[in-house]
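In: Have a look at this prediction, sequence included:
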Amino acid sequence: MAWGRVLVATRRVRLDSAQIAERLVAILSDRQAEDITQIDISKVSTFADYFIIATANNVRQLNALIDTLDRDMKVAGVEMGPKEGEPDSGWVLLDFEDVIVHLFSPDQRAFYNLEGLWSRSAPLVRFQ
């Protein structure tokens, strides 16, 4: 008797950008990121639908947030794209399909003030 492999087809549901953003916000909140803000840029941008901005208090927390977002979103079927910036610099950009995550140190967040730049043209939602 020959043993064969049985392949089970699993159908994965693809998350839309709003669902991806919701998961990212939940992960950041669970990991104690501070001042989480979601900006819907879908009406004014062609490169993404949402920005999510969060603050981490130190390099160690920034690294932990990056690792957790990458791992947890991979489980959800969403691969992290290119990463820009380094935790030591106080700013990291993470690409999750149509959602861009900006992780900042408190000083860098105040300096770049992305909420101020986008608030006139896109709706903001603050969490926490």
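Out: Alright, I've got the coordinates. Numbers count the residues shown, from 1 in each chain.
In: Could I get the full set of helices for this protein?
Out: 17-30, 59-75, 106-112, 114-118 (DSSP state H).
In: how about the ones you listed, which one is nearest T46?
Out: When the helices of the chain are compared by CB to CB, helix 17-30 sits nearest T46, at 13.0 Å. In this view, the C-beta of every residue, glycine as well, is placed from N, C-alpha and C.
In: Might you quantify the distance of that closest one from its chain's geometric centre?
Out: With CA atoms, centre = their mean, to the nearest Å as the basis, helix 17-30 stands 7 Å off its chain's centre.
In: do stretch 36-46 as well
Out: With CA atoms, centre = their mean, you get 12 Å for stretch 36-46.
In: Mind listing residues that contact that stretch?
Out: With contact meaning CB atoms under 8 Å, 6 or more residues apart in numbering, stretch 36-46 is reached by 17, 21, 25, 28-29, 48-54, 114-115, 118-119, 121-128.
In: Great, nothing more from me.
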